[in-house]
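Colleague: I would like the atomic coordinates for the input below:
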Amino acid sequence: MGREYSLDSLQIDRTGAENLHRQIYAQVRNLIEARVLASGSALPSTRELSRVLGVGRNSVIAAYDQLALEGYLRLRRGARPLVVELPARARPAPAAGGRAVDVLSARGRLLQAQAYHSGRPGHLVLHPGMPDPDNFPFDTWARLLSRRARHARHDLFGAYHLQGYPPLREAIARYATVSRGVNCGPDQIVVTNGAQSAFDLLARLLIDPGDAVWMEEPGYYGARAALVSAGASLVPLHVDRGGWRLDPPTRPPRLIFVTPSCHYPLGITMPMEQRLNLLRLAEASDALIIEDDYDSEYRFQGQPIPALQGLDVSGRVVFVGTFAKILFPAMRLGFVVLPPAICDRIVPALATTGHFAPLVTQAALADFINAGHLTRHLRRTRRLYAQRREAFYAAFDAHLSPWLSLQRTGTGIQQVARFHGAVDDRAFVAASAAEGINVSALSMQYHGRAAHPGLLLGFASADQREQERALRRLGLLARRLAEPLAAASLPDGTVRASAATGSGGEGA
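Modeller: From the prediction side, this is the model:
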């Protein structure tokens, strides 16, 4: 026998004109048609349901008899009524004119149209920007989280501290000051549900529809989605291997978005001269800068360059950091360092948007940082990822170099590889996903036409053996999909017109 249902949720209106048995009949029929009551399920007996609803048994008998007559129930003497298996329901007919009604607003359609890449559980090897799940101290984290959860009935129970749990804000301020050269105090810190939450909050807080926003091209698609969805008019800030092209834009920007410590996706670092020029341009345009401190913790050549925010003397830089890459993405904790002029105005926006993180998790992270676990974890993973980076280079050269060129950089836990020919990189990524490998398309990072197709490949999330196996499989896939186009390329690397089937143009 299937599941038994109590039908306690039925509502009886004793003041209405409709008979009680018709009310019971209509509600049970609707539950069966909506498949809430699954086929084969047993309903309460007439005596039980009449007692629960407080109605006469005859009303229940009449309702059940009508449902059985219409083919919804099967009645058996001495047994509970059973729901009859019904055929699948037809899809609703389209609205008048043959088109489905679009219930989304203009902003909803913008949100729905934005690109994203999330991957699949358990398929982490080569996933761009993904840290190693096997080297995070989950036992320590579980102990800290459990301890905080046991005492959550006090200052962690309600919707308090919208700007962030005070001990965590103090810990983040110390960390950002010491490790990144950020100039801030705890009152400037806002704890968010990761960097993406921060971008959405800042886009809604700082720009109006139609405002010009100078956005890196190529640039981080998540930040671009938040800006576009808030109504921004994007002006490309072109970035190539030579750095950021800081010629004054034809339209003064209201906001400038940059990833100066480790450009997403190219992995280069903004030189000091360009940082100072950018600050001067922002001041001349009366613009704010969002500095996404992407992957700054993982620098494998030279010393880390201090944050752009630390050079700012006019309060124009909003600094965004995250713990997703250095701890684990599902933690969903990041932070914003606000200029002093915005600090006193942020709490109402946080209350309205709900962009504040769970306090129990914040408290556990504060303990994790203050006990030195973050510092030790970073020291350990830097060594580990440096080794995996070298192994990744060797395996890439062995399996993918005939079809892609790797752009080696000294920062970050992902690398850009460009196809030699005009390959549809999004189709290649889809084929890779079918093989259980989550890589990302370079063309996805461009707002306009992609300059050159390629892939983003992560090297931190898996050991040398797993990387070798995944890159070998990508090489076999490239042989099948990319080799015909690569063979059609001219000696100087350009592609014959007859073979070009994707985005082409000058490399960026």
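Colleague: wouldn't residue 248 be in contact with residue 281 here?
Modeller: Yes: taking C-beta atoms under 8 Å as the definition, residue 248 is a contact partner of residue 281 at 6.3 Å. For glycine as for every other residue, the C-beta is placed from the backbone atoms N, C-alpha and C.
Colleague: tell me which of the two has more neighbours.
Modeller: Using other C-beta atoms under 10 Å, the more surrounded residue of residue 248 and residue 281 is residue 281, with 19 against 11.
Colleague: what comes into contact with the strand or helix carrying residue 28?
Modeller: Per DSSP states H and E, residue 28 falls inside helix 20-33. Helix 20-33 is contacted from outside by 7, 10-14, 16, 37, 43, 49, 53, 55-56, 58-60, 62-63, 66-67, 70, 72, 83, 86, 89, using C-beta atoms under 8 Å, 6 or more residues apart in numbering.
Colleague: in strands, which of these fall?
Modeller: residue 83 (DSSP state E).
Colleague: among the contacts of helix 20-33, the buried ones, what's the PyMOL command?
Modeller: The PyMOL selection below is limited to those of these classed as buried (16 or more other C-beta atoms under 10 Å):
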select buried, resi 7+10+37+43+49+53+55+59+60+62+63+66+67+72+83
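Colleague: assumed residue 291 was part of a helix.
Modeller: No: according to DSSP: H, G, I helix; E, B strand; the rest coil, residue 291 belongs to no helix; its state is strand.
Colleague: and the gap between it and residue 348?
Modeller: Between residue 291 and residue 348 the distance is 24 Å, computed by C-beta to C-beta, to the nearest Å.
Colleague: what count of nearby residues applies to residue 167?
Modeller: Using other C-beta under 10 Å, residue 167 has 17 neighbouring residues.
Colleague: going forward can the numbers begin at 39, since that is how I track them
Modeller: Got it, the first residue is 39 from now on, which makes the last one we talked about residue 205.
Colleague: OK, contacts around it?
Modeller: Residues near residue 205 by C-beta under 8 Å, 6+ apart: 401, 404, 408.
Colleague: pLDDT for those - can I get that in TSV?
Modeller: Formatted as TSV, those follow (pLDDT from 0 to 100):
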residue	pLDDT
401	95
404	97
408	96
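Colleague: would you map the strands across the stretch 189-338 of the chain?
Modeller: 227-230, 250-255, 271-278, 281-282, 293-296, 326-330 (DSSP state E, counting those that start in this stretch).
Colleague: for residue 368, find the nearest of the ones you listed.
Modeller: strand 227-230 (15.0 Å; C-beta to C-beta).
Colleague: so what does the closest one touch, helix or strand wise?
Modeller: Applying 3 or more C-beta pairs under 8 Å, 6 or more residues apart in numbering; DSSP states H and E, we find strand 227-230 packed against helix 204-218, helix 232-244, strand 372-375.
Colleague: show me what the last one is packed against.
Modeller: Put plainly, it is strand 372-375. Against strand 372-375 (3+ C-beta pairs under 8 Å, 6+ apart) you get helix 204-218, strand 227-230, helix 232-244, strand 355-360.
Colleague: what does the second one give?
Modeller: Contact partners of helix 232-244 among helices and strands, from 3+ C-beta pairs under 8 Å, 6+ apart: strand 227-230, helix 259-267, strand 326-330, strand 355-360, strand 372-375, helix 385-391.
Colleague: before we move on, back to that, rebuild the strands of the stretch 189-338 of the chain as CSV, extending it with mean pLDDT, distance to residue 448 and mean neighbour count.
Modeller: Converted to CSV, those look like this (pLDDT from 0 to 100; distance: least, C-beta to C-beta, whole Å; neighbours: other C-beta atoms under 10 Å):
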stretch, mean pLDDT, distance to residue 448, mean neighbour count
strand 227-230, 96, 28, 26
strand 250-255, 96, 19, 24
strand 271-278, 94, 16, 18
strand 281-282, 95, 14, 18
strand 293-296, 98, 18, 26
strand 326-330, 98, 18, 25
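Colleague: how about a markdown table for those, with distance to residue 370 added?
Modeller: A markdown table is the format used below for these (distance: least, C-beta to C-beta, whole Å):
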| stretch | distance to residue 370 |
| --- | --- |
| strand 227-230 | 9 |
| strand 250-255 | 24 |
| strand 271-278 | 27 |
| strand 281-282 | 30 |
| strand 293-296 | 21 |
| strand 326-330 | 16 |
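Colleague: and those strands: which comes nearest residue 311?
Modeller: Closest to residue 311 of these is strand 281-282 (C-beta to C-beta; 9.0 Å).
Colleague: helices and strands around that closest one, which ones?
Modeller: When contacts are defined as 3+ C-beta pairs under 8 Å, 6+ apart, strand 281-282 sits against helix 310-323.
Colleague: show me which residues of the lengthiest helix in the chain are buried.
Modeller: Assignment by DSSP state H gives helix 411-437 as the longest helix of the chain. Residues of helix 411-437 classed as buried by neighbour count (16+ other C-beta under 10 Å): 411, 412, 415, 419, 422, 423, 426, 427, 430, 433, 434, 437.
Colleague: what of stretch 79-87?
Modeller: By 16+ other C-beta under 10 Å, the buried positions in stretch 79-87 come out as 79, 80, 81, 82, 83, 84, 87.
Colleague: cool, stretch 230-246 as well?
Modeller: Under the neighbour-count criterion of 16+ other C-beta under 10 Å, stretch 230-246 has 230-245 buried.
Colleague: list the contacts of the nearest residue to residue 162 once chain neighbours are set aside.
Modeller: Computed as C-beta to C-beta, 6 or more residues apart in numbering, the closest residue to residue 162 that is not its neighbour in sequence is residue 499, at 4.2 Å. By C-beta under 8 Å, 6+ apart, the residues touching residue 499 are 162, 163, 164, 165, 168, 169, 170, 171.
Colleague: and the closest residue to the second one other than its chain neighbours, what element?
Modeller: Spelled out, it's residue 163. The spatial neighbour of residue 163 that comes closest, neighbours along the chain excluded (C-beta to C-beta, 6+ apart), is residue 500 at 3.8 Å. Element membership for residue 500 (DSSP H and E) is empty, with no helix or strand holding it.
Colleague: before we move on, back to that, okay if I get the contacts of residue 205 as TSV plus neighbour count?
Modeller: Conversion of the contacts of residue 205 to TSV gives the following (neighbours: other C-beta atoms under 10 Å):
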residue	neighbour count
401	23
404	22
408	15
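Colleague: between the residues you listed, which is closest to residue 508?
Modeller: For the contacts of residue 205, the nearest to residue 508 is residue 404 (36.7 Å; C-beta to C-beta).
Colleague: what's the burial count for residue 171?
Modeller: A count of neighbours around residue 171, defined by other C-beta under 10 Å, yields 14.
Colleague: where does confidence bottom out across the contacts of residue 499?
Modeller: Lowest in pLDDT among these is residue 162, which has 80.
Colleague: and what about it, helix, strand or coil?
Modeller: The three-state label given to residue 162 by three-state DSSP is coil.
Colleague: what's near enough to touch it?
Modeller: Contacts of residue 162 (C-beta under 8 Å, 6+ apart): 168, 171, 476, 499, 500.
Colleague: now swap in residue 183 and tell me
Modeller: By C-beta under 8 Å, 6+ apart, the neighbours of residue 183 are 398, 399, 402.
Colleague: in helices, which of these appear?
Modeller: Under the assignment DSSP H, the contacts of residue 183 contribute 398, 399, 402 to helices.
Colleague: domains in this protein, by residue range?
Modeller: According to automatic domain parsing, the chain comprises the domains 58-121, 174-409, 414-537.
Colleague: export those as TSV, with columns for distance to residue 150.
Modeller: Shown next, in TSV, are the domains of the chain (distance: least, C-beta to C-beta, whole Å):
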stretch	distance to residue 150
domain 58-121	26
domain 174-409	9
domain 414-537	16
